[in-house]
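**Q** Quick one, structure for this:
(chains A, B and C)
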Amino acid sequence: MPELPEVETTCRGVRPLLTGHTLTGVRVRCARLRWPVDPELASRLTGVRVTAVSRRAKYLLMALDSGATLIIHLGMSGSLRHVPADTPPERHDHVDLLLGEHCLRYRDPRRFGAILYCPGPVELHPLLVKLGPEPLSDGFDSEVLFAACRGKTAAIKTVLMDNHVVVGVGNIYANEALFAAGVRPTRPAGQVSRDACQRLAAAIRATLLRAIEAGGSTLRDFTDAIGKPGYFQQQYAVYGRTGQPCHACATLVQHTRLGQRSSFFCPHCQT
DNA sequence: CTTTGCACCTGTTGGC
DNA sequence: TGCCAACAGGTGCAAA
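**A** Got it, this is the predicted structure:
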């Protein structure tokens, strides 16, 4: 579920609940996530204070005053909810981070997500160390994208979704940004002009920012039901609109498959 | 090194 | 109405 906007919204939602607070316990009901949850997680975290909550790509990073970091990834179906600690867990509620009377509850039906304890410098963690720039930072611009496209025969959409090039661009936003930039997802990256890269970089930024704003305005309290994924659905220009008319020219949106991922485009607007 | 396809899971959907 | 295959927003990793 979570694309970068949902992860960013989750990050902003949990930040005030965690920052400066001490974890009073951890309940692990199911440790079988993408990677097994550390069996010693409870003893490592109990009594430890959270000093900061941030995000890198789609990883949530909870900095601890012990110098360690708790890394949480929501995978495809994960969510964090803020509920009273005595709320009976439902199916797929795998982990609770206890905060006195309340807790942060991790739910993940597909269990593609992860909860990892990183004792050392988190920026050196194997999962983070090779990541490309954040799409909303100065580290990502059209020149970075253009350079990454040089000489590549792979489809531009594949490059946009490559975490070594830029992080956080999932399937939905790759499709949407390509439409906004007028670039066909199947176009070989090496044939994408500097000008098109300019439009793509801007479109990625605008598309993500718009979604984050939509999420932020939906989100008043990060409590209970609001923490669930898909809580802000927005209008997509092409994603999931196979056979429906393009909003710009009424040509029917086409569907194709690129590296096992659904791709949608307007054959008239995108070249 | 690049590129491709698989694997990890469960829940939902669409076609027959 | 019922059943089952196909598919779902991620992404690390093995294999080619």
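**Q** Check whether stretch A:81-99 comes near DNA strand B.
**A** Yes. Shown here: stretch A:81-99 in contact with DNA strand B (CB under 7 Å from any atom of the strand) through A:91-92. Where you see a C-beta, it was placed from the backbone N, CA and C, and this is true even at glycine.
**Q** Buried residues, that stretch. List them.
**A** A:81-83, A:85, A:92-99 (16 or more other CB atoms under 10 Å).
**Q** is it anywhere near DNA strand C?
**A** No. Judged by CB under 7 Å from any atom of the strand, stretch A:81-99 stays clear of DNA strand C, getting no closer than 12.9 Å.
**Q** The closest residue to DNA strand C within chain A: what's it in contact with?
**A** Across chain A, no residue is closer to DNA strand C than A:Gly170, which sits at 2.2 Å (CB to the nearest atom of the strand). Listed by CB atoms under 8 Å, 6 or more residues apart in numbering, the contact set of A:Gly170 reads A:3-4, A:58, A:161.
**Q** again with A:Phe179
**A** Residues near A:Phe179 by CB under 8 Å, 6+ apart: A:237-238, A:264-266, A:269-270.
**Q** what's the most distant pair in the buried residues of stretch A:81-99?
**A** A:His92 and A:Leu99 (20.9 Å; CB to CB).
**Q** Buried residues of the helix or strand hosting A:Ala147, list them for me.
**A** Using DSSP states H and E, the element containing A:Ala147 is helix A:142-149. By neighbour count, with 16+ other CB under 10 Å as the criterion, the buried positions of helix A:142-149 are A:142, A:144-146, A:148-149.
**Q** Please state the offset of that helix from the chain centre?
**A** 22 Å (CA atoms, centre = their mean, to the nearest Å).
**Q** Same question for stretch A:84-103.
**A** Its chain's average C-alpha position is 23 Å from that of stretch A:84-103, according to CA atoms, centre = their mean.
**Q** what about it, average pLDDT?
**A** Taken as a whole, stretch A:84-103 has a mean pLDDT of 96.
**Q** sorry, back to before: who's in contact with the helix holding A:Ala147?
**A** Around helix A:142-149, the neighbours that count as contacts under CB under 8 Å, 6+ apart are A:133, A:156, A:159, A:162, A:165-166, A:189-190, A:192, A:194, A:197-198, A:200-202.
**Q** And for stretch A:113-120?
**A** Defining contact as CB under 8 Å, 6+ apart, one finds that stretch A:113-120 is touched by A:33-35, A:37-38, A:40-41, A:44-45, A:67-78, A:95, A:106, A:125, A:127.
**Q** Which of those fall in helices?
**A** If you go by DSSP state H, these have A:41, A:44-45 in helices.
**Q** Helices of chain A, start to end?
**A** A:4-18, A:41-45, A:142-149, A:156-160, A:171-181, A:194-218.
**Q** Which strands or helices does the last one pack on?
**A** Using 3 or more CB pairs under 8 Å, 6 or more residues apart in numbering; DSSP states H and E as the contact test, the elements touching helix A:194-218 are helix A:4-18, helix A:142-149, helix A:156-160, helix A:171-181.
**Q** before we move on, the earlier item: which one of the contacts of A:Gly170 is nearest DNA strand B?
**A** Distances from DNA strand B to those, taken by CB to the nearest atom of the strand, are shortest for A:Met161, at 10.2 Å.
**Q** and the closest one, how far is that from A:Val183?
**A** To A:Val183, A:Met161 is 14 Å away according to CB to CB, to the nearest Å.
**Q** more crowded one of those two?
**A** Taking other CB atoms under 10 Å, A:Met161 and A:Val183 do not tie; A:Val183 has more neighbours (25 against 22).
**Q** Next to DNA strand B in this structure, residues from the stretch 51-200 of chain A, please.
**A** Within the stretch 51-200 of chain A, the positions near DNA strand B by CB under 7 Å from any atom of the strand are A:91-92, A:109-112, A:152-154, A:158.
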